[in-house]
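[1] Show me how the following folds:
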Amino acid sequence: MRIGVLTGGGDVPGLNSVIKSVVYRSTELGHEVIGIRRGWQGLTHVRPGKELDAEHLWPLDRTSTRTIDRTGGTVLHTSRTNPKKMREDRLPPHLKERGRYAQPDGTYDLTPLVLDNLQALGIDHLFVIGGDDTLSFAPVLVDRGFPLIGIPKTMDNDVQGTEYCIGFSTAITRAMESIDRLRTTLGSHERIGIFRIFGRDSGFTALHTAYVTSGRCLIPEAPFDIDRLVPILMEDKRLNPSRYAFVIVAEGAMWRGGTLPEYGEPDAYGHRKKADIGVALENEIQQRSGEDAIVSELTYELRSGDPDAFDQRVATTFANIAVDITHDGISGRMVAIRDGKFTHTTLPDPALGARRIDIARQYDEERFRPRYTGRLGFSLFLESSD
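    Here you go, the predicted structure:
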């Protein structure tokens, strides 16, 4: 087989480990691997022909991938391209007969073009490495009969069907390190720290960071009572010998009755940027308590650099499972961890949206903390098996 592999959406540590392991296991089994640059954009903009389109394609072998797992990011690069709903200014410059792809809302559905390009490139099977947005296009191709396997990655850890996504452990490790360093500054100035972290729709990153730092956290799944939060933070500050307190807030969190505006043009999947909840919360705390606060962004720095050991291990394992089940004739699936075990499952249904925290089992809304007790029988990722 000729196997294609692409990475889409935001980069996370561990992507290069997947790519390398796909190449190593595939070549052991006698398959060829070709990298597709810039995610789905590579399959909308590529120009198949006699000569290789090096701008969008990269033949991968053991030599070219030997050391890539030692660094972060993705050697294939990435984009937030949605072939099913492209704006006119994002179409390939060389595309002819654009009317063939036009939709009533003014966007273009390039699904037929992607399928034509896959056929022209001689790709027999595709590995799609991405989060819920990137993976949402995968079922479109499967429904058209094209075989592929999804590999979940995102620091939000919110892809449906799996307890773990590549990049999550490194994000938590980096967030913990940043918070531990900033404790000295908070204590020196006797301030309240507000750490804004990834999590537009789900609070897994905030929750697990709070778990390992013994911090308070605010998550999108549970709109919080700000009149209750502020006194708790003030009490934390008073009882702390270093006279500081802190709270970790997911970017999609909000207090009851509050709203934050969105701004900017929607991206390829319809998302607009949210106003900064960290700054808004800082103002509310200062107005209610008279205390100064420090806002720190724990966002893009968490996705940079090399993966930690856990992400390296999961990425390598996901890749090997993907190749093995493909070799066995299985397609239209996503590799996953369920009940703490490696497995494969159905591709995420875009209609379900992001996976969300089970509030009753994982989060204490009264104390704004993760639940630490009653974990017997839960998986490594604090998920219940029932």
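
[2] Could you chop this structure up by domain?
    As given by automatic domain parsing, the domain ranges for the chain are 2-166+307-352, 168-304+357-370.

[3] To Glu383, which of those lies closest?
    The stretch from the domains of the chain with the least distance to Glu383 (Cβ to Cβ) is domain 2-166+307-352; that distance is 4.8 Å. For every residue, glycine as well, the C-beta is placed using N, CA and C.

[4] Distance from that closest one to the middle of the chain?
    14 Å (Cα atoms, centre = their mean, to the nearest Å).

[5] pLDDT on it, on average?
    Averaging pLDDT along domain 2-166+307-352 yields 96.

[6] Quick check: end-to-end length of that domain?
    32 Å (Cα to Cα, to the nearest Å).

[7] Also stretch 210-226?
    End-to-end distance for stretch 210-226, by Cα to Cα: 18 Å.

[8] before we move on, the earlier item: any idea which of the domains of the chain gets closest to Ser384?
    Closest approach to Ser384 among these (Cβ to Cβ): domain 168-304+357-370, 5.6 Å.

[9] Now do the end-to-end distance for that closest one.
    17 Å.

[10] Contacts for stretch 34-50, please.
    When contacts are defined by Cβ atoms under 8 Å, 6 or more residues apart in numbering, stretch 34-50 is touched by residues 2-9, 19, 53, 55-60, 75-83, 86, 91-92, 94, 110, 113-114, 117-118, 120-121, 123, 130, 134, 137.

[11] Out of those, list just those in strands.
    Secondary structure defined by DSSP state E assigns 2-7, 57-60, 130 of these to strands.

[12] how near is Pro261 to Ile277?
    Pro261 is 11 Å from Ile277, where distance means Cβ to Cβ, to the nearest Å.

[13] more neighbours, those two?
    Ile277 (22 against 8; other Cβ atoms under 10 Å).

[14] Break down the stretch 101-250 of the chain into its helices, ranges please.
    According to DSSP state H, counting those that start in this stretch, the stretch 101-250 of the chain carries its helices in the segments 111-120, 132-136, 138-143, 168-189, 204-213, 226-239.

[15] just so I know, which of the ones you listed lies nearest Ala309?
    Among the helices of the stretch 101-250 of the chain, if distance is taken as Cβ to Cβ, the winner is helix 168-189, at 8.5 Å.

[16] quick one: that closest one to helix 226-239, angle?
    Here the directions of helix 168-189 and helix 226-239 differ by 60 degrees (axes from the mean of the first three to the mean of the last three Cα atoms, to 10 degrees).

[17] Outside of helix 168-189 itself, list whatever touches it.
    For helix 168-189, contacts defined as Cβ under 8 Å, 6+ apart pick out 12-14, 154-157, 191-193, 195, 197-198, 204-205, 208-209, 212-213, 215, 240, 242-246, 248, 292, 294, 296, 298, 301-303, 305, 307-308, 310-311, 314.

[18] how about CSV for the domains of the chain, with distance to Phe381 added?
    Shown next, in CSV, are the domains of the chain (distance: least, Cβ to Cβ, whole Å):
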stretch, distance to Phe381
domain 2-166+307-352, 4
domain 168-304+357-370, 8
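
[19] of all the ones you listed, which lies closest to Leu380?
    Leu380 lies closest to domain 2-166+307-352 among the domains of the chain, at 5.1 Å (Cβ to Cβ).

[20] thinking again about what came up before, list only buried entries from the contacts of helix 168-189.
    Buried subset of these (neighbour count, 16 or more other Cβ atoms under 10 Å): 12-14, 154-157, 191-193, 195, 197-198, 204-205, 208-209, 213, 215, 244-246, 248, 294, 296, 298, 302-303, 307-308, 310-311, 314.
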